[in-house]
Every structure is written in C-alpha cells, then in structure tokens.
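[1] got a predicted structure plus its sequence, pasted below:
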Number of protein chains: 2
Amino acid sequence: MLDITGTYTDQYQLTMGQVYFLKGHSHHTAIFDYFFRKAPFNGGYAIFAGLQNLLETLKDLRFNEKDLAFLKEIGLNAEYLNYLKDFRFSGKVYSVREGEVVFPGEPIIRIEASIIEAQIIETLLLNILNFQTLIATKASRMKEQAKGGKLIDFGLRRAQGPGGYYASRAAIIGGFEATSNTRAGRDFGIPVSGTMAHSFIQSYEDELTAFRDFSESHPDNTVLLVDTYDTLKSGIPNAIKVGKEMKTRGHKLKGIRLDSGDLAYLARKSREMLDNAGLDYVKIAASNQLDEHLIKSLLDQGAPIDIFGVGTSLVTGQPDAALDGVYKLAYFMDEPRIKLSETIAKITLPHKKQVYRMLDEKGDFTGSDVICLFDEENIDWMIHPYDPLKFKSVEGQEKEALLKPVMENGEILSPALDLSEIAKYSNERLKKLPQEYKRFFNPHIYKVGLSRKLKEERDRLIEEHKMK
Amino acid sequence: MLDITGTYTDQYQLTMGQVYFLKGHSHHTAIFDYFFRKAPFNGGYAIFAGLQNLLETLKDLRFNEKDLAFLKEIGLNAEYLNYLKDFRFSGKVYSVREGEVVFPGEPIIRIEASIIEAQIIETLLLNILNFQTLIATKASRMKEQAKGGKLIDFGLRRAQGPGGYYASRAAIIGGFEATSNTRAGRDFGIPVSGTMAHSFIQSYEDELTAFRDFSESHPDNTVLLVDTYDTLKSGIPNAIKVGKEMKTRGHKLKGIRLDSGDLAYLARKSREMLDNAGLDYVKIAASNQLDEHLIKSLLDQGAPIDIFGVGTSLVTGQPDAALDGVYKLAYFMDEPRIKLSETIAKITLPHKKQVYRMLDEKGDFTGSDVICLFDEENIDWMIHPYDPLKFKSVEGQEKEALLKPVMENGEILSPALDLSEIAKYSNERLKKLPQEYKRFFNPHIYKVGLSRKLKEERDRLIEEHKMK
C-alpha cells in the first residue's frame, strides 16, 4: 500500500552516509541491534510485530528519480548520489519470529550490512516495528481480559492517518478477530465487520423502518444499533420486533450493538429483554471508548457482552502512543562498539549477539532470557545487566535460540506466513508465559541477563573508553 | 504517497450504502458536519489541518479492481457493486480555512453529497483530519513556548507507521520550521535537517576524527553530536577543536547537539565553553523526549538553547494520541436530522449551518463563535448549547463567516496553497486569539453558542422525537 522509497528515512542517515562514502568506509560491514527499553503500558512483555512488512520493504527499497532529484536539490555530493542510484539493501537480517513474546533490553532483530545500508534502513525499521509491536501488545492485553469474547477493531477513523492500516494488521497478531477497516481486510486477509451507524437510523423517519430495511438487505448480517433515540424504550423493542420478523422469514438476527450509556446495565437489561422474547441467540456487541481496563471491568460485573468493538485506544496504543525501540551499533570494522551514557541503562551492548530463552520441562518460559555472544557455547550463568551482584545459574536448562536468519543478501529466506498463522503462534507463545508476568499492576519482571563473556566484553570496552 | 481507494473506509459505510442503494434512497442529498467535542491536551483551542490532503483524496477517490473483487468476495450485492464501479465523489464541501484556530462543538467542515457518497468518505475524512489537527495543535503549543527558538521535527522513527509522513506536514502548519523526515521534505517542500547519530561517532576509533571527517564532508552543515562518551570532558572540547579548524579553513561550525543528561546544565556549560573559545556563533540544539512542558521549563531556567528537536510527543500527539472528531448527519431528504443521547452534549445539531466568529475593532477574536442556520441573517443573541440560562448579545459585532465553499461537484475550487502559506495564516490567526485561551492550565473557555433560530429548531426536534 505504502510506497516506501529511499527518502523514507531521517535526513541524518543520508548525511552520515555521504561521509562514509567520501571517506571510503562505505563497504565495511556494521552490526546493529533493534531492541526496546521499557515494556509498553507498564506491562510485563511485548508482542513483536511488523517483521513481514519490514522484510518486504527492505527487499524492494530503492531511491527513485524523485528521491534523487530532491537529494541533488538539497546539495548532496554527485558521486554519492550516483551510489544511491544503484542502492539496494543487500544485508543479512536475524530476527525473533513475528508474534514472539519479547522483553526489554534484548535484541529482537540484528542487521548485518554495509554501514550505509544499515543506517539508511534504520528509520523505516524503527517506524514499522515500534508501531506494530505497540499495537499487537495493546491488542494482546485486551485479548487476555476478554475471556473468550470476540474483539473487533473499529479504529480507522481515529487512527494516526495511514497508521491505521498497520494497526489493523497488528491487532490481529495480538488476538483480535476482525476489523471494520475494509482495506486492511482486503490486503491482509482479515475478516471485515460492519453493519450500521447512527446516521443510518437518523436517515429514516423512524427507527423501526430503518431496522427493517437493513434486515431485508442483509438477512445474514444484521446487527442493529439500538441507542440512537432510547436503548431500552425504543432500540431494543424495535430490534425484538425485527428479530421476530426475521425468524418468520427463516433468518436470524445476528446481534444488537450498544454504543453509549452504562454498558453493563444496558447489556444486562437488553439480554433479559431479548431472552424473554425468544431471541437468546442474538449476540450483544458493545463499543464506546473501550480499552483493556474497561473490558475487564465490564466482565467483572458480569455484563453479558459477547463482542467488543474497540477503536481509539487500540489503534493509537493509548496512553503510550509509542514504543521506545532503538537501533544501536554493536560492531564495525571488525571491532565491537559501545555507546556510553551517564545512565548505565543506556550503555549499549557490543558485539554480534544471540538471545536464549530458558524453558522448563513442559516448554513453558521460566522467566529468564540470556543475551550472549552469537557463537558462545555452554552458557552457565546469567548476570543482571546493570547490577553485578545479581546473577544466577542457568546451567543445564533447556535453551531456545530466538534470533534466526530471515534475510540474506537482501532476499527473504522463507515464504510469508498468513496473518492468522502469526496470530496463532503469538497466542501459543503467550500461553507459555506465566500469568504473573501478564498482570496489569506491578507485573513480575521477566529477567533478561548477560552471559559472563558478554558482560566481560562490555566492561572491558567501558574501561577502555574511560581511560582515553 | 498513500494510495487511498474506496475500501479505505469502515465496512459499515459499504453495508449501509447497500441498503440505501437497494431501497432507492441513494440519490438523496445528505448534509454531514465534521466537528470535535474536546480541545486536545486540555488546551483551549485546536489548529485545523489536513484539508488539502482531504480534498485531493476526495477528488481522486475510486474503487479499483482489487477493491471490487474483494467486495464481491465478501458478498456485496452485484448491482450495488456495479454502482460502486463508477463511484466518484461529486458532492460539495464547505470548510474552515486550513490552519484556522477552531473550537469544540463548531462545524469545521460541511459535506453535501448523496448519502452513499457522504457515508463512504466519512472514515477517510475523520482519519485525515483528526490526526493532522491533533499534531498541528501539539506543534502550535510548542511554538508558543519556544519563544523564537527553532523547532525541528525528529519523529519519524517513533511515529505510528506512515502516520509520520502527515505528522511532519501538520507540524509545519503548527509552527515547526524543519523536519528530519526526508520524504516529507521532498513531497511537502519542508526544509530538511539532519547531521549525525551516535552510531556515526561510534563507528570511529575516536570522537575527534569522527567530528573532523564530518566537518570536511559537510563544511556548511556541521552540527556535532557531543554526548556519545562525555559531553563536557570529550564532546565539547572536541567540537571546539574542530570548530577552530573549520574557522581557519574559512568555514563555520553551525552547531552542537545535546541529546542526554541535564539539558539546562549542559547547555549553559557548553555555551560558556564555546563562547570562551571564540565560537559564540555556534548554535546549541537539544533533543531527548522533549514536549511543550519541557521546552517551557528549559527556557524558564534560562537554558541557552537555540534549536529544539522534538520527536515522539510531537508526531504521536502524546498524551492524547487522538482527536475525538466526529461526522454527524444534520439534514436528509429535505428534513433536519438529529441524534438524541442521554448525555445532552452528545445531541447533534440539525440543519445546514454556518459559523460566525465575532471580532473586535482590531480584528482580534473576542472569544465567541455563533453556529446558526446557513442563511440566517441578523444574528442578535448567542445561547449556550446546553444551558439555556447562559446567553449574550452579539448584535452589531463584526462577524466573520468561517465556512466557505472549497469543493463543488467533486472538483477543488482553489489552487493548493504552499504549506508555508498555510503555516503563516495559522500563525496570524493564533495571534488574534487572546493569551488566556492559550494557557496550559485551565485555559479560558472560548464560547461557542447557538443562534436563537438554530436553538429553537434543535429543541423542536428533540421534543418531536420524545413524543414518538
């Protein structure tokens, strides 16, 4: 959908690229890591999403004529522009699988490419992954609360422009079942859902005729919006009339939708009225500024809601609105690289690395991931990244390597998975994460530690830079 | 950039459209209003943005073959699909000027089109306008605080996917001067800005060589990032060395950038060190999780910062992340239409309407806008929309009509303005808004009232519906 070309980047990537090019560094390979520092929504985990879109974008990334004309206009060097004309991403990508449950501080993607290529793709990589990971995580939090209730994305109108398109995709990875976003349905194979707005009912002289007309035009897909005038006095009685009429014609009224007022109260009353009228198969859908906390509250109160339509908070990832994912240089010209900082948590991890997840005998997560050198064997201890007094043995535990090759020489290594397969994988993985990491309040902290060798290397480099 | 076609909508627009089509209502004209209910960021106003993108989208909106194939696949009626094949938006659009200062409750756009057309465009209209208005407003809040400091958008990497492209545009309308987003620079004529990241310095054995190489490759555009290892002990001393070297070559070091630590303290110290070295022309740029509150705080402390680079909070509109703009039916089949609600503030305003802004003798805003019937003359009183005891005379005041025709029969009526002209207009208009409406805490409430005739009509329709 989105025409991403070489200029879909931060200008400084191109400015730095010119220096690398003119100084003859451009052919050297750099290794960058993508990771985030804080789980979104004060939660205990994130759901990694956006990988497939990233890989497809990298594969086709070029500077087109408009790009090159613009870069010339703003004064980039002519020989460098000539290099950009033939630019393609020819690097390697190692990644955690899309849909995976991931934690702060661990590399989720590793890029190995010439330094110019690796820099130019930084912005689009962050732009794609930060956002989809945020939204998939938000969706999974709602899924955890909905207790089998069906979740539908209604967010396109409040989305951040075309961000809504990818939000609808990420929502499915996190556990949503359908979307109102027809375009996302078309392109990502997501079931689309949508019946009527208030304007439809307002466009008629009376609510009953509006309901009737709709049920005749969509006999298999009628969900009546009941709150345009008065939910219990007008909307539900009219829905019952139409539901009975549909029955006599051999059709079934699929549902009613509540979109204002006290949803818990109205759902209970509506359920009673529908049941008493012999329409116990009619589902109740609810919408109106829902989020994971409201879904939990409604179900805690026993509200008989079958379907939740969620808009703004889902597609914008409120209240966070952004994941703080970053992309940091770890290796260049055969040397490990580090960035220091006054804040120890912001010191980066040098070297080409791997991440191992510790599993128990059932294959469930034990709450420990170890970051180590990529070819390190026999990992015996994991050490807290900033507190050397905290460490523990992981010897003999079952270890699963998380970073796998997904792109080589700019070519995608495996055929794209269906979105539903990614969602299924994510759901299975999240089940392996013990419940206490998924709580809303003070979730248990999943431990991400360093191997001894990696810690030694990092400390050595810190020392070296401090001595300069 | 973004290929918006007919399916860029909520599915229910298409479902309702099928009913209108099959029941023979589709040729009737409907009037819809776009407005929002709450100013974002607990502020006193919003800056309207996105109009030009909306009009261009409407002009070219079609269902393409992929759209039609998908809609067929999900079971829409064949004759209706035939209608959609030839769909184009052929309606009228009245709008407030892009960049205008607008307030909760007043119609900002009025759409007059066949009901199917008016419904199909609802989602994209909201998607475009809600987001850009949110971001332009956020940007204007920063501009108000920056006191002449230059504001640069650094947000693409944290933006909500391709939303970042439009965020960069809206930021300019709100008062930003440049962007790191090269693509937005290319397409919207925004000045682009960008020099170096930490990775650039890390890629060298030492900081000084990195600075030197950069200054040689970009002699007219060198802004040195000074916090990779130690700002005051390494970054600034190295920047001073390179600044002096550039001087001897007849070039000027443009600036240094602080990206971590205590920005107020580091800016003051850096300024001193630069000035003492005879580099008083070198600008200080600061970045790192800035927003309007931090910009205010830094300047209140007297931090000598010339340039602010703002990312996440700008391009995602944190903490709101969405504007609650809605699109409501006001007129259909020659009848005014209303939507009732338990919450009086959610009852809609019927009829085709106009909005007048009251001006004082200098042309400044007096804090009152009146919504009235579109052809109403001699507006004498304005009445609070929900509290009939609050009203005031506006007789004899200078009144400016805000809604003007911008599209007819699906054609744009005026040539597109440059983004800089829109920004200039917005800035001029915001100057006309008295200071107390722009405060952060408890801003004065700008009054949006109804004319007597509009209020009478609304009350009559409420009565009529309650009697049914």
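    Looks like it came in fine.
[2] just the strands in the stretch 51-200 of chain A please.
    Under the criterion DSSP state E, counting those that start in this stretch, strands of the stretch 51-200 of chain A are mapped to A:92-95, A:101-102, A:109-114, A:150-153, A:178-179.
[3] of all those strands, which lies closest to chain B?
    Closest approach to chain B among the strands of the stretch 51-200 of chain A (CB to the nearest CB): strand A:178-179, 8.0 Å. For every residue, glycine as well, the C-beta is placed using N, CA and C.
[4] so who does residue A:370 touch?
    Residues near residue A:370 by CB atoms under 8 Å, 6 or more residues apart in numbering or on different chains: A:355-356, A:358, A:379, A:382, A:394, A:399, A:448-451.
[5] restrict those residues to those near chain B?
    Among the contacts of residue A:370, no residue lies close to chain B (CB under 8 Å from any CB of the partner chain).
[6] tabulate these (JSON lines), appending secondary structure.
    Formatted as JSON lines, the contacts of residue A:370 follow (DSSP: H, G, I helix; E, B strand; the rest coil):
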{"residue": "A:355", "secondary structure": "strand"}
{"residue": "A:356", "secondary structure": "strand"}
{"residue": "A:358", "secondary structure": "strand"}
{"residue": "A:379", "secondary structure": "coil"}
{"residue": "A:382", "secondary structure": "strand"}
{"residue": "A:394", "secondary structure": "coil"}
{"residue": "A:399", "secondary structure": "strand"}
{"residue": "A:448", "secondary structure": "strand"}
{"residue": "A:449", "secondary structure": "strand"}
{"residue": "A:450", "secondary structure": "strand"}
{"residue": "A:451", "secondary structure": "coil"}
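[7] what sits against residue A:52?
    Counted by CB under 8 Å, 6+ apart, residue A:52 has contacts A:98, A:416-417, A:422.
[8] change it to 7 Å
    Residues near residue A:52 by CB atoms under 7 Å, 6 or more residues apart in numbering or on different chains: A:98, A:416.
[9] what sits closest to residue A:118 if chain neighbours are left out?
    Leaving aside its sequence neighbours, residue A:118 sits nearest to residue A:30 (CB to CB, 6 or more residues apart in numbering or on different chains; 4.7 Å).
[10] A helix includes the one you found, no?
    No: per three-state DSSP, residue A:30 lies outside any helix segment and is strand.
[11] just give me the residue right at the centre of chain A.
    Nearest to the mean C-alpha position of chain A, counting by CA atoms, centre = their mean, stands residue A:133 at 2.6 Å.
[12] could I get the pLDDT score of it?
    Note on residue A:133: pLDDT of 98.
[13] does residue A:348 count as helix, strand or coil?
    coil.
[14] for chain B, see how far away it is.
    As judged by CB to the nearest CB, to the nearest Å, residue A:348 and chain B stand 8 Å apart.
[15] so in chain A, which strand runs the longest?
    strand A:365-373 (DSSP state E).
[16] neighbours of the residue nearest to residue A:118, how many?
    Neighbour count of residue A:30, defined by other CB atoms under 10 Å in any protein chain shown: 25.
[17] you'd agree it is up against residue A:115?
    Yes: between residue A:30 and residue A:115 there is a contact under CB atoms under 7 Å: 4.2 Å.
[18] how many residues are close by whatever residue of the stretch 151-300 of chain A ends up closest to chain B?
    Closest residue of the stretch 151-300 of chain A to chain B, CB to the nearest CB: residue A:194 (2.9 Å). Neighbour count of residue A:194, defined by other CB under 10 Å: 24.
[19] that one touches residue B:7, doesn't it?
    No: counting by CB under 7 Å, residue A:194 does not reach residue B:7; the two are 11.6 Å apart.
[20] give me every residue in the stretch 201-350 of chain A lying close to chain B.
    A:202-203, A:213-214, A:217-218, A:228-229, A:260-261, A:312, A:316, A:318-319, A:321-322, A:329, A:332, A:337, A:339-342 (CB under 7 Å from any CB of the partner chain).
[21] quick check: residue A:392 touching residue A:383?
    No: using CB under 7 Å, residue A:392 makes no contact with residue A:383, being 8.4 Å away.
[22] between these two, tell me which one has more neighbours.
    residue A:383 (19 against 12).
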